[in-house]
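Novice: Got a predicted model here, sequence first, then my questions.
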Amino acid sequence: MAVDADLDVVIVGAGFSGLYLLKRMRDLGMSTRVLEAADDVGGTWYWNRYPGARCDIPTTDYTLSFDPALETEWTWSEKYATQPEILRYAQFIATKYDLYSGIDFVTRAEQATWDEAAKRWHVRTDRGETITCRNYVMATGCLSLPKVPDIEGHDRFSGEVYFTSRWPHEGVDLTGKRVAVIGTGSSAIQSIPLMAAQADKLTVFQRTPNFSIPAYNGAADQERLAQIAADAAVYRAEAKLSRGGVPGEATLLAARALTDDERRARFEEVWAIGGLEMLGVFNDILVSEEANELLCELIREKIRSIVHDPVTAEALCPKDHPFGTKRPCVDTNYYATFNLPHVRLVDLRTDPITTITETGIETGTEADGETFEFDAIVFATGFDAMTGALVGVDITGRDGHTLKEQWAHGPATYLGLTTVGFPNFFTITGPGSPSVLSNMAVSIEQHVDWVTDAIAHLRDVGGAGAGTDGWATIEPTETAQTAWGVHVNDCANITLYPIANSWYMGANVPGKPRMFLPYVGGVGPYRVICDEVVDKGWLGFRIEATHSSQCNDGVIREIMPDVGMVLEMMATLELPLVESMSPEEAREFMSASSAMRPPGPAVGEIVDGTFPAGDGTPLTYRLYRPATDGPHPVVVYFHGGGWVLGDHESDDPFCRDLCVRSNAIIVSADYRHAPEARFPVAVHDGMAALTWVAEHATDLGGIPGQVAVAGWSAGANIAAVTAHLARDAGGPAISGQLLLTPVTDLSTDSASYIENGEGYVLTASLMHWFTDHYIDPADRTSPLASPLLAADLANLPPATIITCQFDPLRDEGTAYAHALAEAGNEVHHISARGHTHTSLTMVDIIISGVSYREQMGAALRSFFDRASTSAAVGA
Ligand code: NA7
């Protein structure tokens, strides 16, 4: 093969990513070339020249920060700069750092193939050149490959055809023309008011209405400018650690917690600021459908108030996706444009396009159709986002596998930067990174810096710097990549994003696999993760050089993202250790913490009462009755708290949730606490509660004979032991036992104790504090304390046991599930990945716990279904 050049680095794309990476590579002395299909720099801002094209992030923030000189040498003229100004900024950067000389313009990378023997990439261009390089970087942008319009007859129209994504450089004069616009995404919404100003007639074909917020464009925000002028470094550093790449405090206001008036006032305040600030109007809009709908209705009211014709207004009101789950648009006069007499909206939901003809567009059905004649059609139909440009180049990695094949079911990356089977191949703002959900300027810089560090490291460990032909190769491991995909999904799944048919989900391109493409965990947390990967010895990467090889395999984030956030938040509070307190102090501390939680769902009725312990001592209970018609089955529930703490108040939100999900009465029964009443008092109180509830089921509104036991942690220990006692006593009959993270064995030497003994709320030292208060060492192997150690585990009620990955008690819960199954009992073991001992009970805080609580509700329902079926069979 004739090789035209042998380089350290080839970069595809001369947008902001390619430009900055070229600069960094040159600074390191790397031989580098950039291949760019256009005849100038700018990437997205080179191609997207449609009228009205602007940034939707304030341009004070859409700024590269690597050189402090950029802060003073460039000034943005507007709040949201226009495309020509942003393009000039890219040209300014290319000129200032003498980058033009490193770029091959009008040169498209067509093929890249990894040569394992030579440890190089061979990149072929459409000019017939082959360039060989050590490292190959796709800096091709996320919205660069236009989607081919999937409309019958799209290539038949004989008039003028334009694509917003490929707008002619010389501009277009639509004066006096009959113009069609197909699509109502951001490109259309920005350009429609300007096209309407020229066209004789403008017809907008809308398949899905989008939310658009006014830009209120004008001078750049003075407050931001002042902050930047005062200390640009601090301002930019704050952006880098923020969630979206723009500094700012997250609101503490939850839409659901406000009154209608308060909500409206806050909404109006943010509407008056305009733009994507609306994404932060309330803190629950991207996680709660109810909260989101409250906001959607406020925006719809605005649309109805602007658009005069009620039918058009209604058609413009988005109703098929929660606000924010498709990128909201930022406009100037978009909705008002539909009040102009020559502008018409065609709702493709009611009148779909049947075909594009030589002279126009036909809609509707044969019986009831409409024919439109046009001089020009503008396709504003979007992009094959995030992956289109990457798989558009024929990239072949190790063993002849192509990226296209490998990503046929959706992209798989480690950190959105690298992918298994493709050594020394990097993607800037690739799928699996914050990219399109963030301020791209901030994300681009972070990715380029990380890739620069990686490439420098490869040269250093390979020894190339010492004059050898060393260089190293880097590639992620399967373990790291798979786990990253899981984490990306975990983050998306606690939001409403996956609901929408958006390009974030790949849903806009027919046949594209449906999966959430960007990383929603936030710019700051993502940066921390990328840095941690390096600090942990390039965790999850295999780095191989001629004489050395290193693979620190592992997973960077396994904890559920919302659980991780709560742990981080708790860490910042520097709470005192419970085990440093007296039981009395610990109880007060727990009550105070409980008072600050969300209350949990409403139930039909709550009744507080007492029942007698075996010695006649009155003990309290709280009964939760479903809102549905009774009678209901009854669950006797025992709270958590290590036999020392807790009561029905401490587990109140969880009991409400369980009541709603199981449609059963929950009787949260207290039991006496240690150290005042040590083992086995609590166990006998548990049995007394069960006996009393079974005897009074009818009085309580329950169904006699349908009684289950349930509990969490120490309460699950009481529930499990109560089931043993009831079996041995010949009753009461128990329909099932639901044990959430139970204590089943008081020894503390399991692997889960060692792995999770610190840092996940229930620590090994706290567990020792509980156990020491509860029980003498000599009694700890008693089956009434450690049910796992019972000689006889047969003939126990059906069990559902939930264990959590990051819980010291995980292994004893798992062992109990196995032991019960081995003894012939029906057992369902649910292993909650990424959860901790306490996370599943955090109702309305930990969203990733919802599916497990749903499974707990289902488990209770199934106990009772079985009980009623066998009762019917018996009858
Ligand atoms: P978008 O946001 O993907 O918008 C494309 C629009 O085109 C959207 O309204 C689509 O409707 C519509 N579309 C696509 N295909 C068709 C067919 N076949 N028939 C009718 N309508 C169709 O792309 P943009 O260029 O506007 O914006 C991209 C991003 O750039 C934007 O999010 C900002 O981040 C900047 P659909 O919703 O699929 O029903």
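Specialist: That came through fine. Numbers count the residues shown, from 1 in each chain.
Novice: who's in contact with whatever residue of the stretch 701-850 of the chain ends up closest to the ligand?
Specialist: Residue of the stretch 701-850 of the chain nearest the ligand, by Cβ to the nearest ligand atom: residue 847 (25.3 Å). For every residue, glycine as well, the C-beta is placed using N, CA and C. Residues near residue 847 by Cβ atoms under 8 Å, 6 or more residues apart in numbering: 287, 494, 562.
Novice: Chain neighbours aside, what residue packs nearest to it?
Specialist: Spatial nearest neighbour of residue 847, excluding adjacent residues (Cβ to Cβ, 6 or more residues apart in numbering): residue 494 at 4.2 Å.
Novice: re the thing from before, the contacts of residue 847 into a markdown table, with extra columns for pLDDT, distance to residue 510 and secondary structure?
Specialist: Putting the contacts of residue 847 into a markdown table (pLDDT from 0 to 100; distance: Cβ to Cβ, whole Å; DSSP: H, G, I helix; E, B strand; the rest coil) gives the following:
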| residue | pLDDT | distance to residue 510 | secondary structure |
| --- | --- | --- | --- |
| 287 | 94 | 30 | coil |
| 494 | 96 | 29 | coil |
| 562 | 97 | 34 | helix |
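Novice: which of those residues count as buried?
Specialist: Neighbour-count burial (16 or more other Cβ atoms under 10 Å) applied to the contacts of residue 847 gives 287, 494, 562.
Novice: how close does the first one sit to residue 98?
Specialist: Between residue 287 and residue 98 the computed distance is 47 Å (Cβ to Cβ, to the nearest Å).
Novice: and the residue of the stretch 601-750 of the chain found nearest the ligand, what are its phi and psi?
Specialist: Relative to the ligand, the nearest point of the stretch 601-750 of the chain is residue 601 (34.1 Å; Cβ to the nearest ligand atom). The phi/psi pair for residue 601 (degrees, to the nearest 10) reads phi -70, psi 160.
Novice: With residue 329 instead?
Specialist: According to degrees, to the nearest 10, residue 329 has phi -90, psi 160.
Novice: how deep is it tucked in, by neighbour count?
Specialist: When neighbours are defined as other Cβ atoms under 10 Å, residue 329 has 21 of them.
Novice: likewise the one 4 residues further on?
Specialist: A total of 17 residues lie near residue 333 under the criterion other Cβ under 10 Å.
Novice: again, but for residue 117
Specialist: Counted with other Cβ under 10 Å, residues neighbouring residue 117 total 5.
Novice: What's the separation between it and the ligand?
Specialist: Per Cβ to the nearest ligand atom, to the nearest Å, residue 117 is found 42 Å from the ligand.
Novice: Could I get the contacting residues of the closest residue to residue 284 other than its chain neighbours?
Specialist: Nearest non-adjacent residue to residue 284, counting by Cβ to Cβ, 6+ apart: residue 291, 4.0 Å away. Counting by Cβ under 8 Å, 6+ apart, residue 291 touches 254-256, 282, 284-285.
Novice: Excluding covalently adjacent residues, which one is nearest to the closest residue to the ligand within the stretch 1-150 of the chain?
Specialist: Proximity of the stretch 1-150 of the chain to the ligand (Cβ to the nearest ligand atom) peaks at residue 150, 4.6 Å away. The shortest distance from residue 150 to any non-neighbouring residue, by Cβ to Cβ, 6+ apart, is to residue 510 (5.4 Å).
Novice: for that neighbour, helix, strand, or coil?
Specialist: What DSSP: H, G, I helix; E, B strand; the rest coil gives for residue 510 is coil.
Novice: Give the burial count for it, as a bare number.
Specialist: Residue 510 has 8 nearby residues by other Cβ under 10 Å.
Novice: do residue 262 as well
Specialist: 12.
Novice: Check residue 628 too.
Specialist: Residue 628 - counted by other Cβ under 10 Å - has 9 other residues nearby.
Novice: my read: it touches residue 662, true?
Specialist: No. Counting by Cβ atoms under 8 Å, residue 662 is not a contact partner of residue 628; they are 11.0 Å apart.
Novice: Tell me the predicted confidence for the nearest residue to residue 58 once chain neighbours are set aside.
Specialist: Once flanking residues are discounted, residue 58 sits nearest to residue 79: 5.6 Å by Cβ to Cβ, 6+ apart. Residue 79 carries a pLDDT value of 94.
Novice: Check residue 874 too.
Specialist: At residue 874, pLDDT is 45.
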